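A.B. asks: just need the structure, nothing else, for what follows:
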Amino acid sequence: MKEIGLLSVDQRQIYANKILNQKGYSSKIISNMDFNHLDIVVCGIPIIKMSEYLNCDFHSAFPIDTFLDLLKPGQLLFGGGITPAIRTKLNQRNISFTDYLEDPLFVWNNAYLTAEGLIGKIIIDTDFSLRNKKILLIGFGRCGMNIAKLLEAFHCELIIYDHTPGNNARASSFSYKTILSSDFNDFLPDCDLIINTVPKKVLSDFHYEIIKKNCFLYEIASYPYGLDQGLATEHDLSFYTCPGIPGKYASKSAGEIIAKTIISNLERNQ
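C.D. replies: Coordinates of the predicted model:
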């Protein structure tokens, strides 16, 4: 039986390991850099942090390149957000890999958990009801769609902006209000919440000057992000970065999704 090692990252890996064991797989949590005996290495989501280090909870700054050098040809690696540079090195070393974020079922389930966790965090952070509040949602991809759907229940005034014409049109087809970037000057001074889901700068420096002081900003996109924390702080705005929401607020469910994705992949490739 193939040996599976799940890199210690967060509670998602713990729950995924339990399910794999329950399903009869030989798996365990790994909290060191000894991968030589493993057939399958399961990394975190994302696999990389701060653009250059392995995402794990037992080493604050372990270079991703050094980690890749420790793997051996013939191993299979699972992870989320595997960058082109990492893919190139894995291919050169004859190491197979699967990116969770290329699995449609995983992506949609994870997007829902992200949306659910985000709204829970917003309710905890803020001192007002979401009812009738003006919310700018930047991005109408998978996360944006799930966030918008859940926010409907709160009867807020939801406005959606997406720089991609197709996504903007999709939002309109679902009867959501959409705006153009040229409308920001009129909308932002009255906005109560801004949620960004895309790793692309959308707001200009000037926009941070006109956002009202009691507006809350939430960044859930991955690096290089879309909101500017420095400008938000400079203008005394409440700013929250929200990495790994599923792992923090629904770790058991998120772990189940990881385990199911691994099992599905292994069964397809037996």
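A.B. asks: tell me who's in contact with Arg131.
C.D. replies: Phe154, His155, Cys156 (C-beta atoms under 8 Å, 6 or more residues apart in numbering). From N, CA and C alone the C-beta is placed, and that goes for glycine too.
A.B. asks: the first one contacts Leu130, correct?
C.D. replies: Yes: contact criterion C-beta atoms under 8 Å: Phe154 and Leu130 qualify, at 3.9 Å.
A.B. asks: of these two, which one has the most company?
C.D. replies: Leu130 (19 against 16; other C-beta atoms under 10 Å).
A.B. asks: SS state for Ile135?
C.D. replies: Put simply, Ile135 is strand when judged by DSSP: H, G, I helix; E, B strand; the rest coil.
A.B. asks: which neighbours in the sheet does the helix or strand of the chain with the lowest mean pLDDT have, and how are they oriented?
C.D. replies: The weakest-scoring helix or strand in the chain, judged by mean pLDDT, DSSP states H and E, is strand 48-49 (a mean of 90). Strand pairing for strand 48-49, using DSSP bridges, gives strand 53-54 (antiparallel).
A.B. asks: distance from the following helix or strand past the partner strand to the middle of the chain?
C.D. replies: Sequence-wise, the next helix or strand downstream of strand 53-54 (DSSP states H and E) is helix 64-70. How far helix 64-70 lies from its chain's middle: 23 Å, per C-alpha atoms, centre = their mean, to the nearest Å.
A.B. asks: hmm, back to that, what is the nearest of the contacts of Arg131 to Asn32?
C.D. replies: Of all the contacts of Arg131, Phe154 has the smallest distance to Asn32: 45.2 Å, by C-beta to C-beta.
A.B. asks: roughly how far apart are that closest one and Ile45?
C.D. replies: Shown here: Phe154 relative to Ile45, a distance of 28 Å by C-beta to C-beta, to the nearest Å.
A.B. asks: ditto for Asn32
C.D. replies: The value you get for Asn32 to Ile45, if C-beta to C-beta is used, is 20 Å.
A.B. asks: who has more neighbours out of these two?
C.D. replies: Ile45 (26 against 11).
A.B. asks: got a list of contacts for stretch 213-232?
C.D. replies: By C-beta under 8 Å, 6+ apart, the list of residues contacting stretch 213-232 reads 46, 50-51, 81, 114, 118, 121-122, 125-126, 138-139, 143, 188, 191-203, 205, 208, 211, 235-243, 245.
A.B. asks: for the closest residue to Tyr25 other than its chain neighbours, name its beta-bridge partners.
C.D. replies: In this structure, Tyr25 finds its nearest non-sequential neighbour in Ile4, 5.9 Å apart by C-beta to C-beta, 6 or more residues apart in numbering. Under the criterion DSSP bridges, Ile4 forms beta bridges with Ser27, Ile40.
A.B. asks: can you get me a residue count around Asn241?
C.D. replies: I think there's a mix-up here, since residue 241 is Thr and not Asn. If we define neighbours as other C-beta under 10 Å, then Thr241 has 12 of them.
A.B. asks: stretch 74-89: end-to-end distance?
C.D. replies: Terminal residues of stretch 74-89 are spaced 13 Å apart (C-alpha to C-alpha, to the nearest Å).
A.B. asks: how about stretch 137-144?
C.D. replies: End-to-end for stretch 137-144, by C-alpha to C-alpha: 7 Å.
A.B. asks: which among the contacts of Arg131 gets closest to Leu266?
C.D. replies: Phe154 (40.4 Å).
A.B. asks: what's the spacing between that closest one and Ala148?
C.D. replies: 11 Å.
A.B. asks: tell me how far the least confident helix or strand of the chain lies from the chain's centre.
C.D. replies: Distance, centroid of strand 48-49 to centroid of chain: 12 Å (C-alpha atoms, centre = their mean).
A.B. asks: now stretch 72-92
C.D. replies: 19 Å.
A.B. asks: repeat for stretch 198-214
C.D. replies: Counting by C-alpha atoms, centre = their mean, stretch 198-214 comes out at 21 Å from the chain centroid.
A.B. asks: could you do stretch 179-193 as well?
C.D. replies: 25 Å.
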